[in-house]
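# Predicted model and sequence below, questions to follow.
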Amino acid sequence: MSQTAKLVLEDITRTFDGRKVVDELSISLQPGQVTCLLGPSGCGKSTTLRIAAGVDRQDSGRVLLDGQVISDNQHHLPSEKRSIGLMFQDFALFPHLTVAQNVAFGLKGSGKEPAVTVMLERVGLINYGDKYPHMLSGGEQQRVALARALAPKPNVMLMDEPFSGLDNRLRDGIRDETLHILKEEGTSVLLVTHEPEEAMRMADQIALMRGGKIVQIGAPYNIYNNPKDREAAAFFSDVNVILGVAENFQTQTPFGLFFTPALQDHTDVEIVIRPQHLKIDFDRNGTGPNETSTDGVPARGVVQRARFLGNESLVELRMDCDDSTLTAAIPGVFLPKDGTPLWLSMRRDRCFVFPCVKQKSA
Ligand SMILES: Nc1ncnc2c1ncn2[C@@H]1O[C@H](COP(=O)(O)OP(=O)(O)OP(=O)(O)O)[C@@H](O)[C@H]1O
Ligand SMILES: [Mg+2]
């Protein structure tokens with residue numbers, strides 16, 4: 001790392017009722033970068049953020065700001081002394097203050113008014129300055145909370161699902177504007193979300209969380225294209241899973257051989273592929289396309305269900321070889337009828353090969 005990280009969480013553990021909700025988690029925020037904590041509900045994202053903010057305290061581990069320890073088992077700098085911008089999941093506006101006063105709350109000295117006007121303009125609420133929070137919709141209140149958090153231009157910003165209450169169209173605009181402001185100010189951001197698309201859109205680095213731990217961290221492109229395991233792949237889109245068994249460092253499947261040099265004989269293998277990366281071909285009297293090195297061996301199936309989603313169609317096929325169901329996403333101009341035989345092949349460079357992990361029973 002070339003620069004000192006702005007904010008570092010080091011081996012943080014937090015236990016509630018004997019359960020480790022955050023489990024020896026470490027992460028650092030680089031100057032001017034947006035890091036997204038991404039993971040399913042209950043995996044410990046908000047708890048991690050609250051510890052970074054100082055409103056909750058870890059059982060063990062340290063928090064550092066600009067290289068200085070601000071929280072360990074002896075010291076704990078309270079939240080209000082950390083000069084960190086915060087926006088929590090349950091953001092609360094001051095009910096007795098107007099919108100403009102809410103936004104001005106964290107600002108000091110002269111020049112408050114123009115700063116408030118600029119912020120209200122940026123979140124699309126320029127005519128709302130004199131209103132009180134109860135006169136606003138949920139989404140409008142959320143935008144005021146965003147403006148309030150962004151107005152003091154903090155060096156470090158912690159945000160918990162800051163766009164969750166906004167409708168799709170508004171959310172895209174506000175999200176882009178927020179990112180623009182944060183980048184313009186060179187703010188280091190830890191942003192919590194459970195939406196992969198939001199993380200991909202916002203993040204310089206994504207930290208994928210599961211069960212209180214970070215399972216993978218990296219740039220969105222890398223996380224999406226090199227997931228660590230099936231679950232990591234499946235967090236970003238639906239996936240197809242083709243099963244096999246490793247023998248002699250290779251695994252035989254209906255789609256041809258896959259090399260599995262790192263896996264011992266008899267290891268159960270799962271080949272994972274996103275629906276977008278399956279290719280469809282027409283059936284010509286029982287034959288399909290030729291085998292190629294890029295797409296492997298094609299296998300035949302029969303359309304069970306095809307759904308038109310606009311940009312793309314999702315086609316579910318029951319495979320002749322083993323009656324399994326695979327889903328392909330194809331351009332929306334094509335919508336095959338149920339019962340149509342089609343050939344599927346897999347883009348080899350888009351397949352992920354993992355040893356099978358036993359599913360935990362629910
Ligand atoms: N103060 C608390 N006391 C007891 N349990 C808690 C407390 N705070 C959080 N938990 C539990 O810790 C787990 C993680 O909670 P957390 O709020 O960090 O999840 P999250 O990843 O933010 O989820 P979501 O996406 O739903 O907001 C949950 O099971 C939650 O019930
Ligand atoms: Mg949460």
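Thanks, I have it. Ligands and ions are numbered 1, 2, ... in the order given.

# Pro336 - how many residues pack around it?
By other C-beta atoms under 10 Å, the residues close to Pro336 number 17. Backbone N, C-alpha and C define where each C-beta goes, glycine included.

# pretty sure it belongs to a helix, no?
No - counting by DSSP: H, G, I helix; E, B strand; the rest coil, one finds Pro336 to be coil, located in no helix.

# Enumerate the residues of the protein near ligand 1.
16-17, 21, 39, 41-47, 89, 194 (C-beta under 6 Å from any ligand atom).

# hmm, 8 Å instead?
The chain comes close to ligand 1 at residues 16-17, 19, 21-22, 39-50, 56, 89, 160-161, 192, 194, 209, 212, as judged by C-beta under 8 Å from any ligand atom.

# Pull out the buried residues from those.
21-22, 39, 43-50, 160-161, 192, 194, 209, 212 (16 or more other C-beta atoms under 10 Å).

# just checking, which of those belong to helices?
Taking DSSP state H, the ones among these that sit in helices are 45-50.

# can you tell me which two in the residues you listed are farthest apart?
Lys45 and Arg50 (9.7 Å; C-beta to C-beta).

# I'd like to know how far Met135 sits from ligand 1.
Taking C-beta to the nearest ligand atom, to the nearest Å as the measure, Met135 falls 28 Å from ligand 1.

# no, scratch that, I was asking about Ala115
For Ala115, the distance to ligand 1 - C-beta to the nearest ligand atom - is 31 Å.

# Could you double-check that that residue sits in contact with Gly109?
No - between Ala115 and Gly109 there is no contact under C-beta atoms under 8 Å: 10.0 Å.

# Mind pulling up the pLDDT for Met1?
In the prediction, the pLDDT value recorded for Met1 is 48.

# Walk me through the domains of this protein.
7-84+154-234, 237-355 (automatic domain parsing).

# May I see those arranged in a markdown table, with mean pLDDT as well?
Formatted as a markdown table, the domains of the chain follow (pLDDT from 0 to 100):
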| stretch | mean pLDDT |
| --- | --- |
| domain 7-84+154-234 | 94 |
| domain 237-355 | 94 |
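
# List the contacts of the residue of the stretch 51-200 of the chain found nearest ligand 1.
The nearest approach of the stretch 51-200 of the chain to ligand 1 comes at His194, 4.6 Å away (C-beta to the nearest ligand atom). His194 makes contact with 38-41, 45, 161, according to C-beta atoms under 8 Å, 6 or more residues apart in numbering.

# ok now the host helix or strand of Ser28, how far from the chain's centre?
If you go by DSSP states H and E, Ser28 is part of strand 19-29. Centroid separation for strand 19-29 versus its chain: 17 Å, with C-alpha atoms, centre = their mean, to the nearest Å.

# Give me the sheet partners of that strand and which way each runs.
Here strand 19-29 has these sheet partners by DSSP bridges: strand 7-16 (antiparallel).

# Next, the buried residues of the strand it pairs with.
Going by 16+ other C-beta under 10 Å, strand 7-16 has these buried residues: 7-10, 12-14.

# do the same with stretch 173-186
So, applying 16+ other C-beta under 10 Å, buried residues of stretch 173-186: 174-175, 177-179, 181-182.

# Among the residues you listed, which one lies nearest to Leu93?
Ile174 (16.3 Å).
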